[in-house]
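S.K.: can't give you the sequence, but here's the structure:
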């Protein structure tokens, strides 16, 4: 293309080639004749016809034919031999096809799947796992050093709800299916103000590990869930380099929030600690609640710190469903203020 344009006394630095949405217009198409028509004092269609003549004189063997279309488009059709050679090359390279070194100096940590203990592994987790694994392999194929990690909510209200129902309905804690049922029962019961208080109390005891019977139920349900997740991943062909847990990240995140109150990143509000997102065009969110417990937001701050300690990454990618997009905007903004060195290194895909 550049040679043909030069022969027409047209010098260009960048040439636009696009893949038409309709393949009847070729494998590649260019509007270069329309771009330079005025400069040369010609009509776009007239310049396209002159360019076509030069292109045919300089045609590469991989191109079967070239045509003009519409007001001055130039369309290129690749030859059957080109596609045959490309397919044979792909088949010969097998799994190595497409590999390159574009990201060879990058260390990238990718978080995905994230099923929570005490709840069932569902279709949403399966979709997330497929997407996360695909992205991990694509990035690996570009030469990056990739660490796959997952993140489990092994503490929080969902756990307290399940444990409350286990005790209240005398369910069998040795059966995984009963834990899924327990969570559903606890979720519905939480709407009752009296039961809500009981579940909130259990939630605090889980964090404090202050009740022996609750501790036993907690360890039983957590262990059953994690073993089940491992079995599912083996069936899916997935494996993770590290698993992080909210029971790890909670206190780390809470300490970070409290440490950054004097820096005006967080502020106290009605016995809770909030991130004033409105300052940045975002939502204000609670990071430590009125009971003194870290919320998901604070835990995600703690998770970032643990991820960095684990891998010292160049980029951290978290993959979730689209419903968490706004939530992550707040968390990422807070993280950039708490960890300025991570600005531009944190990415959320949904």
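M.R.: Great, that's in hand. Because the structure is a prediction, the values reported are computed rather than measured.
S.K.: dump the residue contacts of residue 257.
M.R.: By C-beta atoms under 8 Å, 6 or more residues apart in numbering, the contact list for residue 257 reads 266, 273, 287, 288, 294, 298, 301. Just so you know, the C-beta spots here come from the backbone N, C-alpha and C atoms, and that holds for glycine as well.
S.K.: For residue 286, name its beta-bridge partners.
M.R.: Beta bridges link residue 286 to residue 274, judged by DSSP bridges.
S.K.: Next, count neighbours for it.
M.R.: Residues lying near residue 286 (other C-beta atoms under 10 Å) number 17.
S.K.: go on, residue 278?
M.R.: 9.
S.K.: do residue 302 as well
M.R.: By other C-beta under 10 Å, the burial measure for residue 302, its neighbour count, is 22.
S.K.: Please apply the same query to residue 225.
M.R.: Neighbour count of residue 225, defined by other C-beta under 10 Å: 23.
S.K.: and it, which of the three is it?
M.R.: Following DSSP: H, G, I helix; E, B strand; the rest coil, the label given to residue 225 is helix.
S.K.: Using pLDDT, spot the least trustworthy of the contacts of residue 257.
M.R.: Least confident by pLDDT among the contacts of residue 257: that is residue 294, with 94.
S.K.: There's contact between it and residue 286 in this structure, I believe.
M.R.: No - with contact defined as C-beta atoms under 8 Å, residue 294 does not count as touching residue 286 (9.8 Å).
S.K.: Now for the nearest residue to residue 121 once chain neighbours are set aside: which residues touch it?
M.R.: Once flanking residues are discounted, residue 121 sits nearest to residue 115: 4.9 Å by C-beta to C-beta, 6 or more residues apart in numbering. Going by C-beta under 8 Å, 6+ apart, residue 115 touches 121, 125, 150, 152, 225, 229.
S.K.: ok, now with 10 Å
M.R.: 121-122, 124-126, 128-129, 150-153, 225-226, 228-229, 232-233 (C-beta atoms under 10 Å, 6 or more residues apart in numbering).
S.K.: Whichever of those end up buried, select them in ChimeraX.
M.R.: A single ChimeraX command is used to select the members of the contacts of residue 115 judged buried by 16 or more other C-beta atoms under 10 Å:
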select :121,125,128,129,150,151,152,153,225,226,228,229,233
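S.K.: taking the contacts of residue 115 one by one, which sit in strands?
M.R.: Among these, the residues falling in strands (DSSP state E) are 150, 151, 152.
S.K.: Test of understanding: give the bridge partners of the first one.
M.R.: With DSSP bridges applied, residue 150 shows beta-bridge pairing to residue 243.
S.K.: buried set for the host helix or strand of residue 163?
M.R.: In this structure, residue 163 sits in helix 157-168 according to DSSP states H and E. Using 16+ other C-beta under 10 Å as the test for burial, helix 157-168 gives 157, 158, 159, 160, 161, 162, 163, 164, 165, 166.
S.K.: nearest to residue 84, of those residues?
M.R.: Among those, residue 158 lies closest to residue 84 (C-beta to C-beta), at 55.1 Å.
S.K.: Isn't that closest one up against residue 118?
M.R.: Yes - assessed by C-beta atoms under 10 Å, residue 158 is found in contact with residue 118 at 6.2 Å.
S.K.: all helices of the stretch 151-300 of the chain, in order?
M.R.: Taking DSSP state H, counting those that start in this stretch, the helices of the stretch 151-300 of the chain run over residues 157-168, 176-189, 193-208, 212-236, 246-259, 296-311.
S.K.: how about those, which one is nearest residue 84?
M.R.: Nearest to residue 84, of the helices of the stretch 151-300 of the chain and by C-beta to C-beta, is helix 212-236 at 34.6 Å.
S.K.: what's the closest one packed up against?
M.R.: Here helix 212-236 touches helix 123-140, strand 145-152, helix 157-168, helix 176-189, helix 193-208, strand 242-245, going by 3 or more C-beta pairs under 10 Å, 6 or more residues apart in numbering; DSSP states H and E.
S.K.: Tell me which of these is the most buried.
M.R.: Mean neighbour count (mean count of other C-beta atoms under 10 Å) peaks for helix 157-168 among the helices and strands packed on helix 212-236, with a mean of 24.
S.K.: what is the orientation angle of that one with helix 246-259?
M.R.: Helix 157-168 runs at 130 degrees relative to helix 246-259, counting by axes from the mean of the first three to the mean of the last three C-alpha atoms, to 10 degrees.
S.K.: quick one, what contacts residue 254?
M.R.: Counting by C-beta under 10 Å, 6+ apart, residue 254 makes contact with 273, 287, 288, 292, 293, 294, 295, 298, 299, 301, 302.
S.K.: Please repeat the previous calculation with a cut-off of 8 Å.
M.R.: When contacts are counted by C-beta under 8 Å, 6+ apart, residue 254 touches 288, 293, 294, 298, 302.
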